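Peer 1: any chance you can model this:
(one chain, ligands or ions: 1)
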Amino acid sequence: MCCKRVGARLIVSVPVALCQNPHFRIISGSPMPNLECRPRIEALRNQQIREVANMAMSVKDVLPFWFGESHRPTPEAIRAAGAAALMGGATFYTPTLGLPALRAELAAYLSRIHRPIGPERVAITSSGVSALMIAMQALVESGDRVVVVTPVWPNLVEIPKILGARVTTVPLHFGTTGWALDLSQLVDAIRPGVTAVLINSPNNPTGWTLSRAEQEVILARCRELGVWLIADDVYERLYFQGSCAPSFLDLVEPTDRFIGANSFSKAWRMTGWRVGWAVMPEALIPGCSKLIEYNTSCVPGFIQAAACVALKDCEADVAAMVDEVRSNQQRLYDCLGAVDRIELGSPARGGMYAFFRIEGLSNSLDFCKQLVREARVGLAPGSAFGDEAPEFLRWCIASDPAKLEEGLSRFVRHLS
Ligand SMILES: Cc1ncc(COP(=O)(O)O)c(C=O)c1O
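Peer 2: I've put the predicted structure just below:
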């Protein structure tokens, strides 16, 4: 027998074997099997955006601006292609790395907007987040060091932790011109021993976008030290100063230690379809093929048929979406710019969000819950994206302009 303390209050006697067994816990004096996930998983942060959305489910008439998705369904041509392929019987397993037709279409698309990229470097994945997970699983061992630029969509920081990586964050800084990177701070953080650097640009939530000059410096540093560079490019087409944001794919060679993760979710409004892709060196493809097999095996054929049409026929839909987001951004700035306690910074150059500071706010999560209850407006708390922005709120502006208008007026009324 041995004694075990449970919290501060109870000391009990239980068989030594159970006491020392990590799969048992002592609950109210009895040994109980430990039914929790392994400690590393239990320690992951809860997704605060979901926390706000879940609590809002029981509140009537809330205008939701918390998730990053358009209010419009997927463009009709894409839906029609998916439906036709489904009805045509495209319901079987497909090749692990994607249908050759989609890989070829994607290579052609990427070669049009970046540099020539062959289909042998492209893998189709079951979403952008799946592409990131595959990339991390391919590169990161337990104990490895990974550098992430923050604030950022929380998954980028948590995924490496699932694999046991140690994460170093490099914070962007908020000033009168908006969010900016201290390039020398990032270069310093990319030091010998670092396995990978993860950068999301245009960035969710801030809209901060890497310049070409910054990309060149970062790529040179990664090349010098043999560090893997993982670019999360899911917002590259939601860019307000051209048809595509500057991307590392404009610079990298096929032999660079580089993975570009991307998605059909945002630009083609396909969040519910779960399809994305990754571009990587050809030598990494066989390993990633195994990982795709062991994670999701393949993407359904009818979804890939729809994705082909997105790439071939839907440039006008992408442009219309960018126009709508840009015009919503203008409206939000006009409205919130006139409110004393709000600091907006310069409008984001890309993405689908406004990320702004409320003077005197200390707990953005509590404030978002209060907004839901009292103003019927659903925003995402800044604290969901890292420790840099507890006094910030994120507003998804890929919304219906009329709902945005109503949301803004409820929000301003609440603040005043
Ligand atoms: C920065 C970033 N990367 C990746 C994703 C993943 O997109 P999906 O998994 O829908 O393809 C998101 C989704 O919000 C995101 O904001």
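
Peer 1: pLDDT on the helix ranked longest in the chain, on average?
Peer 2: Counting by DSSP state H, the longest helix found in the chain is helix 315-336. Per-residue pLDDT over helix 315-336 has a mean of 97.

Peer 1: residues making contact with that helix?
Peer 2: For helix 315-336, the external contacting residues (C-beta atoms under 8 Å, 6 or more residues apart in numbering) are 70, 72, 75, 77, 237-240, 243, 267-269, 342, 344, 347-348, 352, 354, 356, 395, 397-399, 401, 404-405, 408, 411-412. Where C-beta positions appear, they are placed from N, C-alpha and C, glycine not excepted.

Peer 1: near the ligand, which residues of this structure?
Peer 2: Contact residues (C-beta under 6 Å from any ligand atom) of the chain with the ligand: 68, 127-129, 153, 200, 204, 232, 234, 263, 265, 271, 276.

Peer 1: buried ones among those residues?
Peer 2: 68, 127-129, 153, 200, 204, 232, 234, 263, 265, 271, 276 (16 or more other C-beta atoms under 10 Å).

Peer 1: which of the residues of the chain next to the ligand fall in helices?
Peer 2: When the residues of the chain next to the ligand are checked against helices (DSSP H), the matches are 128-129.

Peer 1: thinking again about what came up before, show residues contacting the next helix or strand after the longest helix of the chain.
Peer 2: On the C-terminal side of helix 315-336, the closest following helix or strand by DSSP states H and E is strand 342-343. Identification of contacts with strand 342-343 by C-beta under 8 Å, 6+ apart yields 336, 356-359, 415.

Peer 1: with stretch 139-146 instead?
Peer 2: The contact list for stretch 139-146 (C-beta under 8 Å, 6+ apart) reads 136, 160, 163-168, 193-198, 228, 230, 259.

Peer 1: still on that earlier bit, what's the farthest-apart pair in the residues of the chain next to the ligand?
Peer 2: For the residues of the chain next to the ligand, the farthest-apart pair by C-beta to C-beta is N200 and T271; their separation is 16.7 Å.

Peer 1: would you map the strands across the stretch 1-150 of the chain?
Peer 2: 2-6, 10-14, 24-27, 30-33, 63-64, 122-125, 145-150 (DSSP state E, counting those that start in this stretch).

Peer 1: how close does the closest residue to F67 other than its chain neighbours sit to T125?
Peer 2: Excluding the flanking residues, the one nearest F67 by C-beta to C-beta, 6 or more residues apart in numbering is C396, at 6.3 Å. In this structure, C396 and T125 are 23 Å apart, going by C-beta to C-beta, to the nearest Å.

Peer 1: more neighbours: which of those two?
Peer 2: T125 (29 against 26; other C-beta atoms under 10 Å).

Peer 1: show me what that one is bridged to.
Peer 2: T125 forms beta bridges with G276, as assigned by DSSP bridges.

Peer 1: need the pLDDT of it.
Peer 2: Reading off the model, T125 has pLDDT 98.

Peer 1: where does the stretch 1-150 of the chain dip in pLDDT?
Peer 2: 1-19, 22 (pLDDT under 70).

Peer 1: quick one: contacts for the residue of it found nearest the ligand?
Peer 2: Of all residues in the stretch 1-150 of the chain, G128 sits closest to the ligand, at 2.8 Å by C-beta to the nearest ligand atom. With contact set as C-beta under 8 Å, 6+ apart, G128 has these partners: 232, 234, 261-263, 265, 276.

Peer 1: those into JSON lines, with extra columns for pLDDT?
Peer 2: Below are the contacts of G128 laid out as JSON lines (pLDDT from 0 to 100):
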{"residue": "D232", "pLDDT": "98"}
{"residue": "V234", "pLDDT": "98"}
{"residue": "A261", "pLDDT": "98"}
{"residue": "N262", "pLDDT": "98"}
{"residue": "S263", "pLDDT": "98"}
{"residue": "S265", "pLDDT": "98"}
{"residue": "G276", "pLDDT": "98"}
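
Peer 1: need the residues that contact stretch 165-181.
Peer 2: 136, 140-151, 157, 160-161, 182, 185-186, 189, 194-195, 203, 206-208, 210, 214, 345-348, 355, 357, 386-389.

Peer 1: separate out the buried members of those.
Peer 2: Buried among the contacts of stretch 165-181 (16+ other C-beta under 10 Å): 136, 140, 144-151, 157, 160-161, 186, 189, 194-195, 203, 206-208, 210, 214, 345, 348, 355, 357, 386, 388-389.

Peer 1: what segments of the protein are helices?
Peer 2: Going by DSSP H, the chain shows helices at 16-19, 39-42, 48-56, 76-87, 100-113, 128-139, 155-162, 183-189, 212-225, 285-295, 301-313, 315-336, 364-370, 401-415.

Peer 1: W153: what's its closest spatial neighbour, skipping adjacent residues?
Peer 2: In space, W153 is closest to N204, 4.5 Å off (C-beta to C-beta, 6+ apart).

Peer 1: ok, how many other residues are close to the nearest residue to A384 once chain neighbours are set aside?
Peer 2: Leaving aside its sequence neighbours, A384 sits nearest to Q48 (C-beta to C-beta, 6+ apart; 3.7 Å). Neighbour count for Q48, taken as other C-beta under 10 Å: 20.

Peer 1: ok, Q48 touching L365?
Peer 2: Yes - the pair Q48 / L365 is scored as a contact, 5.4 Å apart, by C-beta atoms under 8 Å.

Peer 1: common neighbours of the two, please.
Peer 2: With C-beta under 8 Å, 6+ apart, Q48 and L365 have common neighbours 381, 383-384.

Peer 1: out of the helices of the chain, deepest packed?
Peer 2: Stretch with highest mean neighbour count among the helices of the chain: helix 128-139 (a mean of 24; mean count of other C-beta atoms under 10 Å).

Peer 1: with just CA atoms, put that helix into PDB.
Peer 2: In PDB, the C-alpha atoms belonging to helix 128-139 read as follows (Å, rounded to 0.1, in the frame of the first residue of the first chain):
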ATOM      1  CA  GLY A 128      -5.600  23.700 -45.300                       C
ATOM      2  CA  VAL A 129      -5.300  22.600 -41.700                       C
ATOM      3  CA  SER A 130      -4.700  19.100 -42.800                       C
ATOM      4  CA  ALA A 131      -1.900  20.300 -45.100                       C
ATOM      5  CA  LEU A 132      -0.300  22.100 -42.100                       C
ATOM      6  CA  MET A 133      -0.600  18.900 -39.900                       C
ATOM      7  CA  ILE A 134       0.900  16.800 -42.600                       C
ATOM      8  CA  ALA A 135       3.800  19.300 -43.000                       C
ATOM      9  CA  MET A 136       4.400  19.300 -39.300                       C
ATOM     10  CA  GLN A 137       4.200  15.500 -39.000                       C
ATOM     11  CA  ALA A 138       6.700  15.200 -41.900                       C
ATOM     12  CA  LEU A 139       9.300  17.400 -40.300                       C
END
